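Enquirer: One predicted model, sequence on top.
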Amino acid sequence: PANYNITKIINATDSIMIARGDLAIDIGHSEVPKVQLSLIKKCSQLSKSVIVATQMLESMIENNSATRAEINDIATAIFSREQLATSKRIFVDISDMRTKEFATGIQRVTKNILFNFLESGMDGYVLEPVYERSGKYYYAREYMLAWCGYTTDLITDDIIAPQNGDIFFGLDFCCVHVINMQLLLRKWQEQGVKIMFVVYDLLPITKSNFFPITSSQYFTKWLEIITGVADNLIGISQATANDLRQWLTHNNINTAAQIAAFHLGADIKVSTAKRALSVADSGIINKIKATTSLLIVGTLEPRKAHAQVLASLEQLWQEGIEVTLVIVGKQGWHVDKLVKRIQQHQQNAQQLLWLDSIDDGMLEVIYKSANLLLAPALAEGFGLPLIEAAQYKLPILARDIPVFREVAGEHASFFSGYQPEDLAQAIEC
């Protein structure tokens, strides 16, 4: 229903018209005033123009003066316009999310935070998703409208023009885009635009052995730029914020940015349309429910320690223990041998399930069907799967590293050690 998605619809348009007669047919006359005021308020929050359709023109022809109801409508329009004129804008950068379609945990986080921003609104500010293309930032209106399930040729992605008092918010991790746009960001800051970035982790620097050389090089350049231009840097955990402070100190870098931290939430349902499972998906869920199932969620890459997990499960299988390992995540870097090992494994598609292209709807069902979440990563910026698992009351076994202690606390069990038997023993316990 349009009213359910109204915040996203308003964000994707330049103006809306409230057709009260048509509304009354759908929701009843008594509900129209409440919905009208709600829509006007949302348009005011999002700095979008709103037209309240009325039959005032016919009344002006036939009557010498306006009725009290018509005067009230005019006054409401004037007051709403005054509020619109004072709104500042928050330009939310979603450049990577727009092209990668939620391929990583960061994109999932970006999507959910953006949705909640749009749904709740922010008094005095307009939320404008934007993206970088060919050296300029554009409104992401076509993308947002498509996200709502609509298409139109009437909406175009114009170039943004931030002004004094506006905010540029680097919510998505857009490394290359920011490197390309550093001069423009500095110019905006000089013009009074507040610059803010979310820092998801510093792992390409602090754990560079786990990443391609080019990734570490680009990340270092990105970090140097944002620490030089930002007014606020926000880590997704206190551990990440501390890593940032230590990196600045170690490299003798002074920054005017205030450094803070926040914890992510998890709401897979935010963008998950209810759908019936396919025959293939139902078969997978049946396999997961058939035995004790251990779930890992995250891109396959060396620091995630999938190899240790697989070796520990092989020990359990050799002991005759009925347990299924479910790996959810795309193939990353430096894991070709691991991928070949999974694909050629005798338990593949039996008690070893690798799902590299499922949607959030299927992931939600898997969380509800599994018996234990494994979080074996050797290093992490936050650990979103821990929060997602907790949401579905799924027990957690995590590696004993500071960020997992911070995020999960007493709600998880922890293990140490890097050998297969270390994890196998923890699982059996």
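Expert: That came in fine, so what should we check first? Numbering: from 1, shown residues only.
Enquirer: Pull the residues that contact stretch 415-427.
Expert: Residues outside stretch 415-427 that contact it (C-beta atoms under 8 Å, 6 or more residues apart in numbering): 294, 305, 308-309, 311-316, 323, 372, 374, 376, 397-400, 413. Heads up, the C-betas are built off the backbone N, CA and C, glycines and all.
Enquirer: Swap in 10 Å and give it another go.
Expert: With contacts defined as C-beta atoms under 10 Å, 6 or more residues apart in numbering, stretch 415-427 is touched by 292, 294, 305, 307-316, 318-319, 321, 323, 372, 374-376, 378, 397-401, 413-414, 429.
Enquirer: Can you show me the helices along the stretch 251-400 of the chain?
Expert: Using DSSP state H, counting those that start in this stretch, the helices of the stretch 251-400 of the chain run over 279-290, 306-318, 336-343, 360-369, 384-391.
Enquirer: Could you dump those into CSV and include distance to residue 6 and mean pLDDT?
Expert: Formatted as CSV, the helices of the stretch 251-400 of the chain follow (distance: least, C-beta to C-beta, whole Å; pLDDT from 0 to 100):
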stretch, distance to residue 6, mean pLDDT
helix 279-290, 31, 94
helix 306-318, 43, 97
helix 336-343, 44, 97
helix 360-369, 22, 93
helix 384-391, 26, 92
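Enquirer: would you turn the ones you listed into TSV with distance to residue 232?
Expert: Shown next, in TSV, are the helices of the stretch 251-400 of the chain (distance: least, C-beta to C-beta, whole Å):
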stretch	distance to residue 232
helix 279-290	42
helix 306-318	35
helix 336-343	39
helix 360-369	29
helix 384-391	22
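Enquirer: Would you mind measuring from residue 325 to residue 311?
Expert: 11 Å (C-beta to C-beta, to the nearest Å).
Enquirer: So which of those two has more stuff around it?
Expert: A direct count of neighbours by other C-beta atoms under 10 Å for residue 325 and residue 311 places residue 325 higher, at 24 against 16.
Enquirer: tell me, how many neighbours does the nearest residue to the more buried one once chain neighbours are set aside end up with?
Expert: Nearest non-adjacent residue to residue 325, counting by C-beta to C-beta, 6 or more residues apart in numbering: residue 313, 4.9 Å away. By other C-beta under 10 Å, the residues close to residue 313 number 24.
Enquirer: likewise the one 10 residues further on?
Expert: Other residues within reach of residue 323 by the criterion other C-beta under 10 Å amount to 17.
Enquirer: was I right about it contacting residue 309?
Expert: No. Using C-beta atoms under 10 Å, residue 323 is not in contact with residue 309, being 11.4 Å away.
Enquirer: any common contacting residues for the two?
Expert: What both residue 323 and residue 309 touch, as defined by C-beta under 10 Å, 6+ apart, is the set 294, 427.
Enquirer: Any regions of this structure where pLDDT drops low?
Expert: 1-4, 44-47, 54-61, 73-86, 101-104, 150-152, 154, 265-275 (pLDDT under 70).
Enquirer: got the buried residues for the strand of greatest length in it?
Expert: In the chain, ranked by residue count with DSSP state E as the criterion, the top strand is strand 125-133. Neighbour counts over strand 125-133 (16 or more other C-beta atoms under 10 Å) mark 125-132 as buried.
Enquirer: Repeat that for stretch 199-215.
Expert: For stretch 199-215, a neighbour-count test (16+ other C-beta under 10 Å) marks 199-205, 207-208, 210-211, 215 as buried.
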